[in-house]
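[1] Quick one: sequence plus predicted model below, questions after.
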Amino acid sequence: MAGFSTPTAVQAAAIPQALAGKDVLATAQTGTGKTLAFLIPIIEQLLQQNAPGVAALVLVPTRELGMQVMDQYNALRGKKLTPGALVIGGLSEGQQLSAIRQGARFVVATPGRLEDFLNRRLIRLSGVRVLVLDEADRMLDMGFLPAIRRILGVLPKERQTLCFSATLEASVARIVNDYMKNPVRLAFGSTMKPSENVRVQAYEVAHDRKQELLHRLIAGETGRCLIFARTKRGTERLARNLNREGFAAAMIHGDRSQSQRTAALTGFQQGRYRVLVATDLASRGIHVQDIAHVINYELPELAESFIHRVGRTGRAGARGIASTLFTRDQRSELHQLEHTLGIQMERMGKSI
C-alpha cells in the first residue's frame, strides 16, 4: 500500500466502519491521514463492483485539495481500476470531460464546477454508491451549501456517506442530519488545539521591526517555512521583500491563477522555494510534507484559522514550530485568541 504501514488513529477507526458500509462522521485535524481513511474503502468497493458509470464522488473545497486527493487515488488504484476524473475550476474542461467519457468511476470535484457540469448534462451521478464530503466545514465557509444541496439532491438515496470535518459547527450538523443515516461518530484530538508535536510561541515586536524579526526567524531555520499574511497585497509585499533579501520565496492567494498556485506549491514541495507566503483562504489546500516552521506574520481574523495555519507543521508525527508575531497594541487580541483556543503560547524574549 504505497509505503504506508502503520495506520493513523483516524484510519484505524474509520476504515473498518466504512468497509462495513456504514455512514461515518469524523472530526479530525489536518495532517491525520484522513484522505486514506476514505480512499481505501472506496477502492475496495470499486474493485468489488464493476458497474459502469460514476460510483464514488468526493467533494472538496479547493482545487489544490482535489488534485492531492486524486494524486493519492492514482498512487493506490493499481492496474484494475480506471483513472479518476477531476472536476475542478481553473483547469482545462476538455481533459476533465474526456476522463468522464472514458468511464471514470471515481470523481473528485469542487461543488461549483460539478454543479455546472450537472446543469449542462455533462455528467451523470445516478449510480453513485459512496459520497465523501472532505473538509465539510470549509466548503460551507466558502458558501458552497446551496451547490452541495443541489448535488446531493440528484444522488441516489441508497448510498454511503462519509463526512470529514475539522469542526462540527451547526451548519455541518445540519447537513449530517439531512443527508446521513445513523452515522458512526468519530472524533480525534481537539480540533481547536494545535497538535502536541508543535511548539507554539509568540514574539512581541515593534511594527517597524517585524520584517527584521521575520528574516531572523527564517535565517535560523534550515527547513521549509510557511508564512501567513491577512491580505493578498500583504502576501505580495512580503514575498517581494523576502526575495529582495535573498530568501527564495513563492506566494499563493486568491487572485493567483491555477498555474501560478501549482507552480508555487510544487516549487515549495520540491525545495526550489524554501519559503511560501499565503493567505488563510489559499492555505487550506496546502498539504506539503515536512514544513518545519509556520510563521503568523499577522494574527488570523478567526481562532479557527489559527488551528488550520498551525496544522500545516508537526504533521504525521514530525515536530514543528509555530511562531506568531504581534505588536504591543495586539496584546489583548492575542490573549483573546489563547482564551478561545484554551492554549498558552510560549512568550519569547523581546529580542527585537
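    Good, I have the coordinates. Numbers count the residues shown, from 1 in each chain.
[2] avg pLDDT for the helix or strand where residue 65 lies?
    In the assignment (DSSP states H and E), residue 65 maps to helix 63-76. Helix 63-76 carries an average pLDDT of 93.
[3] Quick one: list the elements packing against that helix.
    When contacts are defined as 3 or more CB pairs under 8 Å, 6 or more residues apart in numbering; DSSP states H and E, helix 63-76 packs onto helix 34-48, strand 85-87, strand 106-109, helix 258-270. (C-beta placed from N, C-alpha, C; glycine too.)
[4] okay if I get these as a markdown table plus distance to residue 321?
    As requested, those are exported to a markdown table (distance: least, CB to CB, whole Å):
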| stretch | distance to residue 321 |
| --- | --- |
| helix 34-48 | 24 |
| strand 85-87 | 34 |
| strand 106-109 | 32 |
| helix 258-270 | 17 |
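[5] Let me have those in TSV, extended by mean neighbour count and distance to residue 73.
    Output for the helices and strands packed on helix 63-76, formatted as TSV (neighbours: other CB atoms under 10 Å; distance: least, CB to CB, whole Å):
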stretch	mean neighbour count	distance to residue 73
helix 34-48	20	6
strand 85-87	26	10
strand 106-109	26	6
helix 258-270	17	18
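[6] wait, which of those is closest to residue 294?
    helix 258-270 (12.9 Å; CB to CB).
[7] if I pick residue 45, what's in contact with it?
    Applying CB atoms under 8 Å, 6 or more residues apart in numbering, we find residue 45 in contact with 55-56, 129-130.
[8] make it 7 Å
    By CB atoms under 7 Å, 6 or more residues apart in numbering, residue 45 lies in contact with 56, 129-130.
[9] Is it possible to mark the buried ones in these?
    56, 129-130 (16 or more other CB atoms under 10 Å).
[10] what about the strands in the stretch 1-150 of the chain?
    Along the stretch 1-150 of the chain, counting by DSSP state E, counting those that start in this stretch, strands occupy 24-28, 56-59, 85-87, 106-109, 130-134.
[11] Could you export these as CSV, including distance to residue 319?
    Formatted as CSV, the strands of the stretch 1-150 of the chain follow (distance: least, CB to CB, whole Å):
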stretch, distance to residue 319
strand 24-28, 20
strand 56-59, 31
strand 85-87, 33
strand 106-109, 31
strand 130-134, 26
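[12] Adding mean pLDDT and distance to residue 196, write the ones you listed out as JSON lines.
    Converted to JSON lines, the strands of the stretch 1-150 of the chain look like this (pLDDT from 0 to 100; distance: least, CB to CB, whole Å):
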{"stretch": "strand 24-28", "mean pLDDT": "86", "distance to residue 196": "14"}
{"stretch": "strand 56-59", "mean pLDDT": "98", "distance to residue 196": "29"}
{"stretch": "strand 85-87", "mean pLDDT": "96", "distance to residue 196": "34"}
{"stretch": "strand 106-109", "mean pLDDT": "97", "distance to residue 196": "31"}
{"stretch": "strand 130-134", "mean pLDDT": "96", "distance to residue 196": "24"}
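[13] Go through the ones you listed and name the closest to residue 313.
    That would be strand 24-28 among these, by CB to CB, at 16.7 Å.
[14] tell me the angle of the closest one relative to strand 130-134?
    20 degrees (axes from the mean of the first three to the mean of the last three CA atoms, to 10 degrees).
[15] Quick one: list the elements packing against strand 24-28.
    helix 9-19, strand 160-165, strand 184-188 (3 or more CB pairs under 7 Å, 6 or more residues apart in numbering; DSSP states H and E).
[16] if you compare these, which one is most tucked away?
    Mean neighbour count (mean count of other CB atoms under 10 Å) peaks for strand 160-165 among the helices and strands packed on strand 24-28, with a mean of 24.
[17] tell me the helices in the stretch 151-300 of the chain, going along the chain?
    Assigned by DSSP state H, counting those that start in this stretch, the stretch 151-300 of the chain shows helices spanning 170-179, 210-219, 232-244, 258-270, 280-283.
[18] So for the fourth one, mean pLDDT?
    Here the mean pLDDT over helix 258-270 is 90, rounded to a whole number.
[19] got it, and the last one?
    Regarding helix 280-283, the rounded mean pLDDT is 72.
[20] cool, stretch 321-336 as well?
    94.
[21] CA atoms of that stretch as PDB?
    Extracted in PDB, the C-alpha atoms of stretch 321-336 (Å, rounded to 0.1, in the frame of the first residue of the first chain):
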ATOM      1  CA  ILE A 321       7.400  25.200  15.300                       C
ATOM      2  CA  ALA A 322       4.600  27.800  15.000                       C
ATOM      3  CA  SER A 323       5.600  31.400  15.700                       C
ATOM      4  CA  THR A 324       3.200  34.300  16.000                       C
ATOM      5  CA  LEU A 325       4.300  37.900  15.700                       C
ATOM      6  CA  PHE A 326       2.200  40.600  17.500                       C
ATOM      7  CA  THR A 327       2.600  44.200  18.300                       C
ATOM      8  CA  ARG A 328       2.100  45.800  21.700                       C
ATOM      9  CA  ASP A 329      -1.400  47.000  20.800                       C
ATOM     10  CA  GLN A 330      -2.400  43.500  19.800                       C
ATOM     11  CA  ARG A 331      -1.700  42.000  23.300                       C
ATOM     12  CA  SER A 332      -5.400  41.800  24.100                       C
ATOM     13  CA  GLU A 333      -6.200  40.200  20.700                       C
ATOM     14  CA  LEU A 334      -3.600  37.600  21.300                       C
ATOM     15  CA  HIS A 335      -4.900  36.900  24.800                       C
ATOM     16  CA  GLN A 336      -8.400  36.500  23.300                       C
END
